[in-house]
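# With the input below, show me the fold.
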Amino acid sequence: MKISSLIPVLAVALMIPAVPAAETSAAKGKPSVDEIIKAFVTNETEFADAREQYTYRQEVKLSEYDEGGRRVAGRWELVQDIIFGPDRERTERVVYAPVATLRRISLSPADMQDLRDVQPFVMTLENWQEYEIDYIGEERVDEIDTYLFSIKPKRLVKGERYFQGKAWVDQLTLQIVKTYGRGVGVQKKNHDEAFPAFETYRDQIDGKYWFPVFTIAEDNLQFRSGLEVKIKLVIKYTDYKRYGAESGITFEGIVDDTGSQTQEQPDQQPQIQPQP
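So this is what the prediction gives:
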C-alpha cells in the first residue's frame with residue numbers, strides 16, 4: 001500500500017543443502033529437517049497443481065483508520081470468483097466492487113500481486129530455491145502438531161514479490177497449515193509503500209489438501225515520510241469446488257454497489273488507481 005497523493009507424501013530428489021546432524025532428530029526416529037523440507041515442498045507442489053483445478057470465491061475487505069486509529073475512515077472491497085472460461089482458461093470474474101472510499105492510502109500493483117500470490121503463499125518446486133528455509137522447532141497450532149520454519153527470500157529481484165515470515169507444517173500430512181509474514185520486494189524509486197504483516201489459515205477442504213481459507217492483517221503501516229496509518233485487511237476464500245470435465249460454471253451478472261444485478265462485462269477487472 002502506498003500513501004495517497006492527497007497526503008504526502010511423495011518424495012523427490014531435491015537439491016537441498018545437507019542439514020547439520022545437530023539439527024536433525026533422526027536418532028529419535030523422527031525425520032530429519034532435510035527430509036521434512038523435501039516432503040513438504042513436494043506435497044505443496046502437488047497441492048498447487050490440484051488447486052488449479054478448483055473454482056472458488058475470494059472476498060477482500062480493506063479498512064483504513066483515522067489519525068487516532070479509532071474510527072474507520074475509508075474502505076475498499078472486492079469480491080471475485082476464480083473460475084474457468086469457455087476455453088478452460090483460468091480467470092478472475094468480478095462479482096462485487098463498490099466505489100473505494102480510501103483517503104489516506106491507495107493500493108498499488110504490488111498489493112494486488114500480494115493478494116494473488118503472497119497472502120495465500122505456497123512453496124513449490126518452482127520457487128523454493130528462491131528462499132532460505134530454517135527450522136525453528138515444533139509447535140502445536142489448534143490441536144495440530146506442526147514443524148515451524150522461518151522463510152525469507154535469498155535475494156530480491158526487481159518486479160517480483162516474495163513471502164517473508166514463518167510457516168507451520170502439519171506433522172502428519174507435511175503440508176503448510178498456517179503462515180505469518182508480509183510481502184517484500186524491491187521498492188520503486190520515489191514510491192513510498194508499506195505492506196502489512198498478515199496471518200493466513202488453511203483447512204482441509206477435500207480431506208487431503210490444506211487450502212487457504214482466511215487471511216487477516218491488523219497493522220500500523222509506517223511510511224518513509226513519517227506517516228502512520230492503521231489498517232485492517234480480511235480475505236476469505238470460500239466455495240471451493242473441483243472443476244469437472246462434464247460441468248461448467250457460468251454467471252449471469254455481477255452485483256453493483258447498490259446491490260442490484262447488472263449485465264456482466266467481458267473481461268472486467270478491478271482497476272485500483274492512486275488517489276488523485
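# wait, what's in contact with residue 187?
Residues in contact with residue 187 (C-beta atoms under 8 Å, 6 or more residues apart in numbering) are residue 193. C-betas here are computed from N, CA, C, even on glycine.
# And it, what's its pLDDT?
The confidence metric pLDDT takes the value 87 at residue 187.
# now the one 10 residues further on
Per-residue pLDDT puts residue 197 at 98.
# so how far is residue 220 from it?
10 Å (C-beta to C-beta, to the nearest Å).
# Also residue 143?
Taking C-beta to C-beta, one finds residue 143 at 32 Å from residue 220.
# Which of the two has more residues huddled nearby?
Remark: of residue 143 and residue 220, residue 220 carries more neighbours, 13 against 5, as counted by other C-beta atoms under 10 Å.
# can I assume that one sits in a helix?
No. Secondary structure of residue 220 (DSSP: H, G, I helix; E, B strand; the rest coil): strand, not part of a helix.
# mind listing what it touches?
When contacts are counted by C-beta under 8 Å, 6+ apart, residue 220 is found next to 69, 228-231.
# Please convert these to JSON lines, extending it with secondary structure, pLDDT and neighbour count.
Below are these laid out as JSON lines (DSSP: H, G, I helix; E, B strand; the rest coil; pLDDT from 0 to 100; neighbours: other C-beta atoms under 10 Å):
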{"residue": "69", "secondary structure": "coil", "pLDDT": "92", "neighbour count": "12"}
{"residue": "228", "secondary structure": "strand", "pLDDT": "96", "neighbour count": "13"}
{"residue": "229", "secondary structure": "strand", "pLDDT": "97", "neighbour count": "24"}
{"residue": "230", "secondary structure": "strand", "pLDDT": "98", "neighbour count": "20"}
{"residue": "231", "secondary structure": "strand", "pLDDT": "98", "neighbour count": "22"}
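# from these, which is closest to residue 210?
residue 231 (26.9 Å; C-beta to C-beta).
# correct me, but the closest one touches residue 221?
Yes. Counting by C-beta atoms under 8 Å, residue 221 is a contact partner of residue 231 at 6.0 Å.
# Make sure residue 69 is actually in contact with residue 232.
No. Applying C-beta under 8 Å as the test, residue 69 and residue 232 come out as separate, 10.6 Å apart.
# ok, and the closest non-adjacent residue to the residue nearest the centre of the chain?
For the chain, residue 119 is the residue whose C-alpha lies nearest the centre (C-alpha atoms, centre = their mean; 1.6 Å). Distances taken as C-beta to C-beta, 6 or more residues apart in numbering place residue 215 nearest to residue 119, at 4.8 Å, with adjacent residues excluded.
# Can you report how many residues lie near the one you found?
With neighbours defined by other C-beta under 10 Å, the count for residue 215 comes to 22.
# what's near enough to touch it?
Residue 215 neighbours (C-beta under 8 Å, 6+ apart): 119-120, 198-201, 233-235.
# Could you rerun that using 7 Å?
Residue 215 sits next to 119, 198-200, 235 when contact means C-beta atoms under 7 Å, 6 or more residues apart in numbering.
# Tell me which two of those residues sit farthest apart.
Greatest spatial distance among the contacts of residue 215 (C-beta to C-beta): 199 and 235, at 10.6 Å.
# nearest to residue 161, of the contacts of residue 220?
residue 231 (18.0 Å).
# Does the closest one have any beta-bridge partners, and if so which?
Note on residue 231: beta-bridge partners by DSSP bridges are residue 64, residue 219.
# for it, what are its contacts?
Taking C-beta under 7 Å, 6+ apart, we find residue 231 in contact with 62-64, 196, 219, 221.
# change it to 8 Å
1, 62-65, 105, 196, 217-221.
# where does the chain dip in pLDDT?
2-28, 244-276 (pLDDT under 70).
# Tell me if I am right that residue 112 is in a strand.
No. Counting by three-state DSSP, residue 112 falls outside a strand, being helix.
# circling back: can I assume the residue nearest to the centre of the chain is in contact with residue 199?
No. Here residue 119 does not reach residue 199: they are 9.5 Å apart, not a contact under C-beta under 8 Å.
# ranges for the strands of the protein?
2-3, 54-65, 72-84, 90-96, 105-106, 131-141, 144-153, 162-170, 176-184, 198-204, 210-222, 228-242, 253-255, 261-263 (DSSP state E).
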